[in-house]
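[1] Sharing a model prediction with you, sequence too.
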Amino acid sequence: MPTQQTANDSMKTLDMPLNSSDPMPPSAPQPTLRLHVWLELENGHFFGLGRAQLLERIQRYGSLSKAAEEMRMSYRAAWGKIKSSEEIMGVKLVEKVGGNKSGFRLTEEGRGIMEQFLAWYADLEKKALKSAEKKLPWELRRFKAEE
C-alpha cells in the first residue's frame, strides 16, 4: 500500500537547501522576482509600491499627467489613487504648485512616506532574493521598474 505524503512532509523538503554543487544548465530560465506587497485597512488600500512609484515620478517630473502617462494609467486613475491614500492616511501627499496648469510637488509628508516605503521595500526584496538563493533552483533577477 503506497504511503501518502502529508503537507508537513512536503514543507520539510521545501525548507531544505538545494545542493549548490548541481549547477543549473546554461539554458535554465532566469526569472525576475516581483513582490506584490501593499498596506491596507478595512476601508481600503493604504499604500503600496505602485503608489510609491507614482509619487516618485511626480517628484521627478513635477507633473501628475507625465507621471500617470509613464505608468500607463489615466490622469484620473492616478489622481484617484493619490486622493484615496490621502483620505485613508489623513495626510496630504501632494500639493499644487502655482496655478491650475503649473503642476504638483510632494509634500514633506508625501516625500517621507515615499522614501520610507521604498527603503522598506528594497530591504524586503533583498531578503527575498537571499532566501530564494537558498531555496529555489533558479538564479533570480531583481525587478527594475522602467526608468
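    Noted; the coordinates are in hand.

[2] Kindly tell me how buried residue 62 is, as a neighbour count.
    Applying other CB atoms under 10 Å, we find 15 residues neighbouring residue 62. C-beta: built from backbone N, CA, C; applies to glycine.

[3] my guess is it contacts residue 106, does it?
    No: applying CB atoms under 8 Å, one finds residue 62 not in contact with residue 106, separated by 9.7 Å.

[4] Distance check, the residue most central in space within the chain against residue 99.
    Centroid check for the chain by CA atoms, centre = their mean gives residue 49 as the closest residue, at 3.5 Å. Distance, residue 49 to residue 99, by CB to CB, to the nearest Å: 32 Å.

[5] cool, and residue 31?
    Counting by CB to CB, the gap from residue 31 to residue 99 is 47 Å.

[6] Tell me which of these two has more neighbours.
    Neighbour totals were compared for residue 31 and residue 99, and residue 31 leads with 12 against 7 (other CB under 10 Å).

[7] Report how many residues lie close to residue 69.
    Residue 69 has 15 neighbours, counted by other CB under 10 Å.

[8] In this protein, what residue spans correspond to strands?
    32-33, 38-41, 44-48, 94-96, 104-106, 141-142 (DSSP state E).

[9] I am finished for the moment; much appreciated.
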